[in-house]
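Engineer: sequence unavailable; structure follows:
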């Protein structure tokens, strides 16, 4: 499968713990995006990278959230000191320049 | 399985009928629009896109219509099949941003036999 992949698919954690998610984009895509989706809502933009540079961050991305794309390929999204309100599906997408964004399967986070 | 959207507007159609899903977008400065299909527990799947210099685009069994005057987007699915059952989202991108998509609320399509 040459699409966007995300790991883990599911994560259950206790409040206050740190979690890290990984996204592997489609190999030739230079842009990578993170979105968050809660039940009954459409995905909401969090941040995006062009190659290794993080070019835009949403106000939704609090100080507890950090994203990296160190070599311009895979990306990680870390949430520190998780809260119950962080429970959501975290989606990654990639694109070639400004073209169509293709989404991965998502990581479902549950904070107890 | 888990549900993508619990309280979404729902469109029920019979197998073989045509479906029309509507979307009102928010920003007249948007220049690019996409329809995604999302099945329960999965990420959004690209269906079709359209740029603001067009008012119609056709794909395989799908057609997207764009009316910029009233900021309205629609997705038409011909000969709807059970596999089309999912939640459908429209998304817009602001001119010059070249980055984030802003998604609409979503519509659940239920195909009955």
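Structural biologist: Looks like it arrived, so ask away. Everything numeric in this text was worked out from a predicted model, so none of it was measured.
Engineer: all contacts plus neighbour counts: C-alpha atoms, from now on.
Structural biologist: Will do.
Engineer: which strands and helices sit next to the helix or strand bottoming out on mean pLDDT in chain A?
Structural biologist: Least confident helix or strand of chain A, by mean pLDDT, DSSP states H and E, is strand A:53-57 with a mean of 92. Other helices and strands packing on strand A:53-57, by 3 or more Cα pairs under 8 Å, 6 or more residues apart in numbering or on different chains; DSSP states H and E, are strand A:44-50.
Engineer: residue B:38: what's its closest spatial neighbour, skipping adjacent residues?
Structural biologist: residue B:44 (4.5 Å; Cα to Cα, 6 or more residues apart in numbering or on different chains).
Engineer: contacting residues around that neighbour?
Structural biologist: A:102-105, B:36-38 (Cα atoms under 8 Å, 6 or more residues apart in numbering or on different chains).
Engineer: at 7 Å what do you get?
Structural biologist: A:103, B:36-38 (Cα atoms under 7 Å, 6 or more residues apart in numbering or on different chains).
Engineer: that older thread, which parts of the least confident helix or strand of chain A are buried?
Structural biologist: In terms of neighbour count (16 or more other Cα atoms under 10 Å in any protein chain shown), strand A:53-57 has its buried residues at A:54, A:56-57.
Engineer: swap in stretch A:103-112?
Structural biologist: Buried, per 16+ other Cα under 10 Å, within stretch A:103-112: A:103-111.
Engineer: next, format the contacts of residue B:44 as JSON lines and append distance to residue B:27, pLDDT and secondary structure.
Structural biologist: Formatted as JSON lines, the contacts of residue B:44 follow (distance: Cα to Cα, whole Å; pLDDT from 0 to 100; DSSP: H, G, I helix; E, B strand; the rest coil):
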{"residue": "A:103", "distance to residue B:27": "23", "pLDDT": "97", "secondary structure": "strand"}
{"residue": "B:36", "distance to residue B:27": "19", "pLDDT": "97", "secondary structure": "strand"}
{"residue": "B:37", "distance to residue B:27": "22", "pLDDT": "97", "secondary structure": "strand"}
{"residue": "B:38", "distance to residue B:27": "23", "pLDDT": "97", "secondary structure": "strand"}
